[in-house]
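> Please find the sequence and the predicted model below.
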Amino acid sequence: MASNLNKQLDLIRLRDRLREKPRTKAGQVRQAWPDIKALLAVGHSLKDIWQWLNEIGLEIGYARLSHYIGQLRRRDDDAQLEIREPKTEPMGTVTEVFTQPRPPLPREVAALIGGDHGKERDPLANVVERESKRPGFNYNAEPDPKKLI
């Protein structure tokens, strides 16, 4: 164990491995991902890129390549999301979040969504209104005699 502490790491040999072809297809696509992403960004189709990859020795099916590209895009998107959104402390328990009163809306927004924000809205008001104005024949078991012909 003491002999390992005295030796220096041979990082040059490790860096030389960066240029080698990865063993797996996923690894090969991952290695080519920066170039693939650049080609997609300038407008080349995935089908053309797939053909070019097969020509240079990365034998892979189109569906598999598409799957790997989707995974790499999601991974990049997730990494960007983590960078943009700072880690914050949780707001509180679920019951605290849902029992706190909602802050009032600005007047301009309240006017756009339907006037009085102070009143409680009935979420089913549009359904009730629509049911009362149904088109077509509505049978009335006890008709008003004044309205009969």
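Perfect, thanks for sending it.
> quick one: pLDDT of K147?
Looking at K147, its pLDDT stands at 82.
> do E20 as well
86.
> now A111
A111 is assigned a pLDDT of 59 by the prediction.
> Equivalent analysis for E131, please.
What the model reports as pLDDT for E131 is 78.
> What about it, how many residues nearby?
Applying other Cβ atoms under 10 Å, we find 9 residues neighbouring E131. C-beta here means a position set from N, CA and C on the backbone, and glycine is covered the same way.
> Roughly how far does it sit from K147?
21 Å (Cβ to Cβ, to the nearest Å).
> Check R64 too.
71 Å.
> Where does pLDDT dip in the chain?
Under the criterion pLDDT under 70, the flagged ranges of the chain are 1-6, 85-120.
> again, only using 90
The model of the chain has pLDDT under 90 over residues 1-22, 76-149.
> longest helix anywhere in it?
Counting residues, the longest helix in the chain under DSSP state H turns out to be helix 62-84.
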